[in-house]
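> Curious how this folds, go ahead:
(one chain, ligands or ions: 1)
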Amino acid sequence: MTRTITRRPAHPYRPWLIALGCVAVGFAVLVIVKPPRSDSSPPASDQFVQPSEPPGPAPEGMVWIPGGPFWMGFDESPDHDAPVHQVAVSGFWIDRTEVTNAQFDAFVRATGYKTSAEKPPTAEELAQGDVPPEKRVPFSTCFVPVRLPDGTRALDHPPTWWQFVAGADWRHPEGPRSSIADRMNHPVVHVSWHDAVAYCQWAGKRLPTEAEWECAARGGLDRQEYCWGSARQGADGKWWANTFQGKFPSENTAADGYTGTAPVGSYAPNGYGLVDMAGNVWEWCNDWYGVQYYETSPRNNPKGPETGDPGRDTNMPAKVRRGGSFLCADEYCRRYLPGARDFNPPNDAASHTGFRCVKDAR
Ligand SMILES: [Ca+2]
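Reported below is the predicted structural model:
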């Protein structure tokens, strides 16, 4: 007799019973193998580098930034300042002020250094395009006020206020006939990223990373729009930084007291005691500029991408600069906010760009 095997239909509840059983067994294993988190378990914030105390007395002119986690970036910007994201940096020393003409002069006297603007364009720079013979000389880029046609907004106009000036350099900020004799306590300008790095090396320091710079600029405040908090620049007649008032780029009313650079420390310090982290001059950072870098930035001590995205009107990769300058007009450029970014090729020098240095704990 052939045995007939009939397949019984599966019990309609059996898969659920099996699944329920698995969950119960899994839970039991979890409880046995991994005890419940106790009060001594590390909090999630330990994934970040934590703030630290100063390791010793402050080097001259420097301030300790404790570091630790902070929110970096600015969501409301039309540029590449978003998304706001949390990163952390290790504690570090930073110059209280931008590097001054007097300090840069000491460096040049000691080393005989020549800045990028004091040398003719390099082969690499010449390869960027057709450079007419009259521009194959030492030069830098200077801001020159330009009156725009009526009804024209600066934002819709090519930046004709930036002009090539032969003989402009850090000693001659507006060209060969200008001088820094009465500006030795102003920030040095017309320095390229390379010049800034050379100074840092001489001084036993380095340029800040972009994250270090922003951590320092925020002065310990959490996600505030400005380095000083939320008050609008100029509200109630209070000026917090050297920026541009009036109609950019032609009419600078200098309501804040200065049309050009100001002596360092002319405005109130931020929460860490640093001056001019907004306005006065742009400050070079060490990082290459990555448009999308915030999407992939490491959580701790981000140092920027391996190379930079191109700067404006050039194929040359750009370095980050931060803090805005005396040319930041609210109607044109609000990049004096601590979360705002800007970028330029490392060989570029201009009348509104300088730097400050940092130093590691050891
Ligand atoms: Ca000003």
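> Can you name the residues of the stretch 251-362 of the chain sitting close to the ion?
256, 258, 326 (Cβ under 5 Å from the ion). C-beta coordinates here come from the backbone N, C-alpha and C atoms, glycine included.
> Just the closest of these to residue 167, please.
residue 326 (21.7 Å; Cβ to Cβ).
> what's near enough to touch residue 350?
140, 141, 142, 143, 162, 189, 190, 282, 344 (Cβ atoms under 8 Å, 6 or more residues apart in numbering).
> Most neighbours out of the residues of the stretch 251-362 of the chain next to the ion, which is it?
residue 326 (28 neighbours; other Cβ atoms under 10 Å).
> Tell me who's in contact with that residue.
Applying Cβ under 8 Å, 6+ apart, the residues contacting residue 326 are 242, 243, 244, 258, 259, 260, 261, 262, 279, 280, 281, 352.
> ok, now residue 227?
Neighbours of residue 227 in contact, by Cβ under 8 Å, 6+ apart: 217, 218, 219, 221, 240, 241, 270, 277, 278, 338.
> so where is the stretch 251-362 of the chain shaky, pLDDT-wise?
Judged against pLDDT under 70, the stretch 251-362 of the chain has no low-scoring part.
> Please, where are all the helices along it?
293-296 (DSSP state H, counting those that start in this stretch).
> Tell me which stretches of it form strands.
Listed in chain order, the strands of the stretch 251-362 of the chain (DSSP state E, counting those that start in this stretch) span 251-252, 282-288, 319-322, 341-344, 353-354, 358-359.
> do the same with the stretch 1-150 of the chain
Using DSSP E, counting those that start in this stretch, strands in the stretch 1-150 of the chain cover 62-65, 68-72, 85-89, 92-95, 139-143.
> Can you say which of those is nearest to the ion?
For the strands of the stretch 1-150 of the chain, the distance to the ion is smallest for strand 139-143, at 12.1 Å, taking Cβ to the ion.
> chain center to stretch 346-360: distance?
11 Å (Cα atoms, centre = their mean, to the nearest Å).
> start at 2 instead
Understood, numbering begins at 2; the last thing we discussed is stretch 347-361.
> Determine the number of other residues adjacent to residue 83.
Neighbours of residue 83 (other Cβ under 10 Å): 15.
> and residue 219, how far is that from residue 272?
8 Å (Cβ to Cβ, to the nearest Å).
> hmm, back to that, most surrounded residue in the contacts of residue 327?
The residue in those with the most neighbours, by other Cβ under 10 Å, is residue 281 (33 neighbours).
> that older thread, can you put the strands of the stretch 252-363 of the chain in a markdown table and add mean neighbour count?
Shown next, in a markdown table, are the strands of the stretch 252-363 of the chain (neighbours: other Cβ atoms under 10 Å):
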| stretch | mean neighbour count |
| --- | --- |
| strand 252-253 | 16 |
| strand 283-289 | 25 |
| strand 320-323 | 28 |
| strand 342-345 | 24 |
| strand 354-355 | 28 |
| strand 359-360 | 20 |
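> Sketch out the low-pLDDT regions of the stretch 2-151 of the chain for me.
Short version for the stretch 2-151 of the chain, where the test is pLDDT under 70: 2-47, 131.
> Go again with 90.
2-47, 77-81, 122-137, 151 (pLDDT under 90).
> Identify the residue nearest residue 226 in space, chain neighbours excluded?
residue 338 (6.1 Å; Cβ to Cβ, 6 or more residues apart in numbering).
> Could you do residue 231 as well?
That would be residue 225: by Cβ to Cβ, 6+ apart, it lies 5.7 Å from residue 231.
> gap between the residue lying closest to residue 221 once chain neighbours are set aside and residue 350?
Nearest residue to residue 221, sequence neighbours excluded (Cβ to Cβ, 6+ apart): residue 272, at 4.2 Å. Using Cβ to Cβ, one obtains 31 Å as the distance from residue 272 to residue 350.
> Quick check: end-to-end length of stretch 216-228?
Distance between the two ends of stretch 216-228: 10 Å, counting by Cα to Cα, to the nearest Å.
> what's the answer for stretch 272-287, then?
23 Å.
> Any idea what residue 144 is bridged to?
residue 163 (DSSP bridges).
> re earlier: any idea which of the contacts of residue 228 is closest to residue 323?
Closest to residue 323, out of all of the contacts of residue 228 and judged by Cβ to Cβ, is residue 218, at 7.1 Å.
> what number of residues lie near that closest one?
Neighbours around residue 218, by other Cβ under 10 Å: 27.
> and if you look at residue 207?
Neighbour tally, residue 207, other Cβ under 10 Å: 17.
> ditto for residue 165
Residue 165, neighbours per other Cβ under 10 Å, totals 13.
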